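[1] Compute the structure for the input listed below.
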Amino acid sequence: GGFMEVTASGGDDEKAAEALGQVTLHHISDATGSMTSTPVSRDAKGRYTRDMLNSSDAYVLDTGAALFVWTGKRATPEERRASMDLAAKYIQDTGRPTHTPIERVVEFGESAMFKQNFYQFDPVFSPKPNPEASSSNG
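    You can find the predicted model right below:
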């Protein structure tokens, strides 16, 4: 036992790529004096990156299955409040089910679920040689 018959192979990679293409990021800001929501463009390779998130603002990330409301450390209290309201309004405006989850994410406290929508959200760790480890204290 333990084996299963594969009746329809393939398709998953295309579905994953298609799902990723549906992910959108929206910039929430009150810099103009009124609250605005602006779509954020992807980089030249079609990706979202960590540096697209400004610490002074808030963002709504739409993954299709859920919304994430990211607030920067220096976002105004109005932006923090409005970002959650705008996320709820966004669900209504896009005709999504009212039970669509909205997760609040704070800068430096991002969940793995949030980070996976960005290219190398966390910098790649590359170990540095430790000079003390190789020298002998003879």
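[2] looking at it, Glu103 is touching Val69, isn't it?
    Yes: Glu103 is in contact with Val69 according to Cβ atoms under 8 Å; the separation is 7.1 Å. (C-beta placed from N, C-alpha, C; glycine too.)
[3] neighbour-wise, which of those two wins?
    Between Glu103 and Val69, counted using other Cβ atoms under 10 Å, Val69 has the larger neighbour count: 25 against 15.
[4] Which of the three states applies to the more buried one?
    strand (DSSP: H, G, I helix; E, B strand; the rest coil).
[5] That one against Ala58, yeah?
    Yes: between Val69 and Ala58 there is a contact under Cβ under 8 Å: 6.7 Å.
[6] any common contacting residues for the two?
    Here Val69 and Ala58 share the contacting residues Ser83, scored by Cβ atoms under 8 Å, 6 or more residues apart in numbering.
[7] Arg74 versus Glu110, what's the distance?
    16 Å (Cβ to Cβ, to the nearest Å).
[8] Only the C-alpha atoms, please, for stretch 88-99, written as PDB.
    What follows is stretch 88-99, C-alpha atoms only, in PDB (Å, rounded to 0.1, in the frame of the first residue of the first chain):
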ATOM      1  CA  ALA A  88     -13.000  45.800   4.200                       C
ATOM      2  CA  LYS A  89     -14.300  48.200   1.500                       C
ATOM      3  CA  TYR A  90     -12.000  46.600  -1.100                       C
ATOM      4  CA  ILE A  91     -13.600  43.200  -0.300                       C
ATOM      5  CA  GLN A  92     -17.000  44.800  -0.800                       C
ATOM      6  CA  ASP A  93     -16.000  46.600  -4.100                       C
ATOM      7  CA  THR A  94     -14.500  43.500  -5.600                       C
ATOM      8  CA  GLY A  95     -17.500  41.400  -4.900                       C
ATOM      9  CA  ARG A  96     -15.500  39.000  -2.600                       C
ATOM     10  CA  PRO A  97     -17.200  36.900   0.100                       C
ATOM     11  CA  THR A  98     -17.600  38.900   3.300                       C
ATOM     12  CA  HIS A  99     -15.800  36.100   5.200                       C
END
